[in-house]
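Novice: Following is a predicted model, sequence given first.
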Amino acid sequence: MEARALHPPLKGEGRSALSEAKCDPGWGVAESATPPRLASLHSRCFASAFIEKMTAAEGRLCPPPSAEGEEQAASAARAFAPFILLALSLFASPASAQQPPPRQTLTIGYVEIAEDPRYAPIRGADRIVLKTRAHPYAGAEVSIDDAAALRRVLPVDFALARISVKSTAEVAPAVLQAIEKRDIHFFLIDAPAPAFAPLAAAVRGRDALMFNISAPEDSLRRDVCAAEIVHTFPSLAMSMDALVQVLVARNWRDVIVLEGPLPADAASAAAFARSAKKFGARVVAHQRFKAGTDPREREQNNPTLLTALNRDYDAVFVADEAFDFARTLPYRTQRPRPVVGSIDLEPVAWHWTWEHNGAPQVQARFAARSGGRHMESADWAAWIAVKMIVQAGLRTRSTGFRAQRDFVLSGAFDGDKGLAVSVRAWDHQLRQAMLLASPYAVVATAPVENALHRTNELDTLGDDAPESPCRLDR
Amino acid sequence: MRHARSHVIVGVVGATVLLLLAFVLQATAKDTGLIFVSNEKTNNLTVIDPKTWKIVKDIKTSRRPRDMHFNADHSRLYVACGDDDVIDIVDMGRLEVTAKLATGPSPETFAMDEARRRIYVANEEGSSLSIIDMDQNIIVREVPTGGEPEGVLVSQDGKTVYVTSEVGDIVHRIDAEAGIVDEDVVVGTRPRRFAATPDGRQLWVSAELSGDVFIIDRHKFEVVGRVEFLPPGMRKSDVTPVGLAMTRDGRTAYVTLGHAAHVAVVDVASRKVLAYVLVGKRAWGVTLSRDEKRVFVANGFGDDITVIDAASRRAIISIAVGRVPWGIAIDD
């Protein structure tokens, strides 16, 4: 029924082992001077190319595949399996000749909303596309690829089941169905905030763990506060704390706040004000803007007028989810001051230019998976979520859900951005470093160097235990 | 006829002169004690005089030079260059790059087996180990590995190659002749580099993110011990071990601790840390001089190297080099 039924014997061997890069022996290899072994390299490349195709077929099959397409792909797999096995057997190790342990497949659900407006492209005037956006599914795929290297030490294969629903209201029923009918226990939830309260109610007390990979809202951590949900995407509070920490570290303490008309803009502005209070920055003016050119509304739509104060300030914070106004703000402020927030200096969980902690290799694998996209925060949140599940299997040596869940909630993980990431016991937010990124560089990281905390510096970002109304640890 | 003979004579004399010259150059290249530092961001090797600690030469390389190894007679220095997918070969007589070997994508570290004429290169981005024939300059085999392979070590008999996978948290054991992984062992988070005890029994592996060194029994191929580190005044999260070096008698190991800016001196038998030596920011590459009196450490975020006196376990000098120094090789 699922894609995983297509190719249990091939999984892992194909993906981990073989990629296009390896099919090109490079310019050092001359056909004429080639020892006989190179022939086997070529034949493996054939197998590799073939398996890549199969993987692509799987991608097309999910979400809910048409019965016909599924049949075709399945029969194709059956027809070609002997050839692939033959090709792979050329490289089979002596160890694999022994009786292999029975393998299991751990399937992770990936639930998304079809036509989710959060992934619609952001356009400027005249249909110019300013930002293309995509579901972070490729981030999860990269972690599945990474896990394939573990097949010799772990008798478990990992797979994704992509489940696409039409609205936020359908998320909870789809998850329930997958738990009951497909025996799936781990889910990546790629849905906006309103999906989570019903979801939390539906899965309460069940053997299931949801990963919120794309919703930043603090209310999910503070009010929904569900034991069955882990938030790998940073909370708004964490993002704003990170931004303010960096501003204060530079002694840019006096900030104008410009707030857009959307509810998300109000939430960001409020979170920024809260962070400013927490770390000793000052909001010297708080203006509401309205994108447009109407001269009667120039007090609200003109960047220069909005930033003309009788006093000096160090930076301008703009909260503009629509991005229409923010993109026109830099270089139009009344004083020559940097713009931060929705543009120019943004707090993010991930940035494609981050060059430490192995990040460039993650970005490269992601680009190969996603057709050349730059890896973004939600992609990272999906990648680390799957990685946590894989690590739980690897480190607990258990196939039981509860042991794996307990490890996810208590373990420390390599997020490729410095300090190890781990789940906060009180609200299940993943504590993690934040990157402060300009368009082409990571300008700073948070926590900043002098942000001190009695147990873990990462807890200077977002709701620390004493501040959080959510106490899942009690 | 006569004309032809004079040509032959000139040719013979010329060849003799060239041979002599080559011999002299090679002779002068031996045991110079020169210190070679690979700089990832400035695409060069900084060459330092061991007596004056002065920079005497700057060798341009392909982009992003990282791991370096000499051949047995030290006539050549091999340098893996990650952004050009090659190993540069530095002629030690001329102190310049005179040849290149193709590798897989983003070569980081490698090991050489001159007896079998093989170079084993971990390709960080290709997730593979390239096996290169040194004489034919071709890749004879690509062994698929876990994500981001890094450390490479060849057994003394040349039959086994060990490779770490940073993403997989595993060490692969590879049959060198067959070119296949025959077993894996799970170690700490983000395993990096190796050192082998001279008795051939143990393999030490640094694990950067879990902040420790894992000790593998090579016969049983399983983890039998672990060394933890915590220099005074440092947080556990700063301890990111990468570089490993062991003395020839197998008694002492040196472990660079990355962001914790120290080198740990470890007693191999008892697995106890004897001392922490303060060095520079993000200490990675570590190399011992042949007499093992000096320990050289590359400080990646300090753009310098630190020289440690092994007897007193104190840093004696830090020398500014290029940007983001990766590793050190010594011609002694």
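Specialist: Looks like it arrived, so ask away.

Novice: the helices in chain B, which residues?
Specialist: B:2-29 (DSSP state H).

Novice: Please pull out the lowest mean pLDDT helix or strand from it.
Specialist: Least confident helix or strand, chain B: helix B:2-29 with a mean of 51, by mean pLDDT, DSSP states H and E.

Novice: remind me which residues of the stretch 151-300 of chain B are low pLDDT?
Specialist: Scanning the stretch 151-300 of chain B for pLDDT under 70 picks out no residues.

Novice: Return the residues in contact with B:V97.
Specialist: B:I59, B:K60, B:T61, B:S62, B:V79, B:D88, B:I89, B:V90, B:D91 (CB atoms under 8 Å, 6 or more residues apart in numbering or on different chains). For the C-beta atoms, the positions are set from N, CA and C on the backbone; glycine is no exception.

Novice: burial count for B:D199?
Specialist: For B:D199, the count of nearby residues is 8 (other CB atoms under 10 Å in any protein chain shown).

Novice: residues in contact with the nearest residue to it once chain neighbours are set aside?
Specialist: Of all residues not flanking B:D199 in the chain, B:G250 sits nearest, at 6.3 Å (CB to CB, 6 or more residues apart in numbering or on different chains). When contacts are counted by CB under 8 Å, 6+ apart, B:G250 touches B:T197, B:P198, B:D199, B:V268.

Novice: Please parse chain A into its domains.
Specialist: The record's domain parsing of chain A by automatic domain parsing lists A:1-24+A:40-90, A:102-233+A:376-424, A:237-348.

Novice: Tabulate these in a markdown table, adding columns for distance to chain B and mean pLDDT.
Specialist: Formatted as a markdown table, the domains of chain A follow (distance: least, CB to the nearest CB, whole Å; pLDDT from 0 to 100):
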| stretch | distance to chain B | mean pLDDT |
| --- | --- | --- |
| domain A:1-24+A:40-90 | 3 | 38 |
| domain A:102-233+A:376-424 | 3 | 95 |
| domain A:237-348 | 17 | 96 |
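
Novice: got the buried residues for stretch A:212-231?
Specialist: Neighbour counts using 16 or more other CB atoms under 10 Å in any protein chain shown place A:212-218, A:220-222, A:224-231 of stretch A:212-231 among the buried residues.

Novice: can you check stretch A:285-304 too?
Specialist: Buried residues in stretch A:285-304 (16+ other CB under 10 Å): A:A285, A:Q287, A:F289, A:A291, A:Q300, A:N301, A:N302, A:P303.

Novice: Quick check: chain neighbours aside, which residue is closest to the last one?
Specialist: The reference is to A:P303. Nearest one to A:P303, counting by CB to CB, 6+ apart, is A:R332 at 3.8 Å.

Novice: Ramachandran coordinates for the nearest residue to A:E141 once chain neighbours are set aside?
Specialist: In space, and not counting its chain neighbours, A:E141 is closest to A:R369: 5.1 Å by CB to CB, 6+ apart. A:R369 adopts backbone torsions of phi -80, psi -30, taken as degrees, to the nearest 10.

Novice: A:R369: what's it in contact with?
Specialist: A:A138, A:E141, A:V142, A:D145.

Novice: What separation is there between it and A:D379?
Specialist: Distance of A:R369 to A:D379, given as CB to CB, to the nearest Å: 10 Å.

Novice: Ranking by neighbours, what's the top pick from the contacts of A:R369?
Specialist: Neighbour counts for the contacts of A:R369 peak at A:V142, which has 27 neighbours (criterion: other CB under 10 Å).

Novice: And the strands in the stretch 51-200 of chain B?
Specialist: For the stretch 51-200 of chain B, the strands defined by DSSP state E, counting those that start in this stretch occupy B:55-60, B:65-70, B:76-81, B:86-91, B:96-102, B:107-113, B:118-123, B:128-133, B:138-144, B:149-154, B:160-165, B:170-175, B:180-186, B:191-196.

Novice: Can you lay out the ones you listed as JSON lines showing distance to B:V324?
Specialist: Shown next, in JSON lines, are those (distance: least, CB to CB, whole Å):
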{"stretch": "strand B:55-60", "distance to B:V324": "15"}
{"stretch": "strand B:65-70", "distance to B:V324": "10"}
{"stretch": "strand B:76-81", "distance to B:V324": "14"}
{"stretch": "strand B:86-91", "distance to B:V324": "17"}
{"stretch": "strand B:96-102", "distance to B:V324": "19"}
{"stretch": "strand B:107-113", "distance to B:V324": "13"}
{"stretch": "strand B:118-123", "distance to B:V324": "19"}
{"stretch": "strand B:128-133", "distance to B:V324": "24"}
{"stretch": "strand B:138-144", "distance to B:V324": "27"}
{"stretch": "strand B:149-154", "distance to B:V324": "17"}
{"stretch": "strand B:160-165", "distance to B:V324": "21"}
{"stretch": "strand B:170-175", "distance to B:V324": "26"}
{"stretch": "strand B:180-186", "distance to B:V324": "31"}
{"stretch": "strand B:191-196", "distance to B:V324": "16"}
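
Novice: out of those strands, nearest to A:A197?
Specialist: Among the strands of the stretch 51-200 of chain B, strand B:180-186 comes nearest to A:A197, with 39.3 Å by CB to CB.

Novice: Give the other helices and strands that that closest one contacts.
Specialist: Counting contacts by 3 or more CB pairs under 8 Å, 6 or more residues apart in numbering or on different chains; DSSP states H and E, strand B:180-186 packs against helix A:94-97, strand B:138-144, strand B:170-175, strand B:222-228.

Novice: change it to 7 Å
Specialist: With contacts taken as 3 or more CB pairs under 7 Å, 6 or more residues apart in numbering or on different chains; DSSP states H and E, strand B:180-186 sits against helix A:94-97, strand B:170-175.

Novice: relative to strand B:191-196, how tilted is that strand?
Specialist: 100 degrees (axes from the mean of the first three to the mean of the last three CA atoms, to 10 degrees).

Novice: strands paired with strand B:180-186, and their directions?
Specialist: The strands beside strand B:180-186 in its sheet (DSSP bridges) come out as strand B:170-175 (antiparallel).

Novice: got the CA positions of stretch B:227-237 in CSV?
Specialist: This file holds the C-alpha atoms of stretch B:227-237, laid out as CSV (Å, rounded to 0.1, in the frame of the first residue of the first chain):
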residue,chain,number,x,y,z
VAL,B,227,38.3,9.2,27.2
GLU,B,228,36.5,12.4,28.3
PHE,B,229,37.9,15.8,28.5
LEU,B,230,37.3,19.0,30.4
PRO,B,231,40.0,21.6,30.6
PRO,B,232,39.9,24.0,33.5
GLY,B,233,37.5,26.9,33.1
MET,B,234,35.9,25.4,30.0
ARG,B,235,32.4,24.1,29.4
LYS,B,236,31.7,20.6,28.2
SER,B,237,30.0,22.0,25.1
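
Novice: all helices in the stretch 101-250 of chain A, in order from the N-terminus.
Specialist: Using DSSP state H, counting those that start in this stretch, the helices of the stretch 101-250 of chain A run over residues A:137-147, A:171-182, A:196-203, A:218-219, A:236-249.

Novice: Up against chain A, what does chain B have?
Specialist: Neighbours of chain A within chain B, by CB under 7 Å from any CB of the partner chain: B:101-102, B:104-105, B:124-128, B:136-142, B:144-148, B:165-168, B:170, B:180-184, B:186, B:189-190, B:209, B:237.
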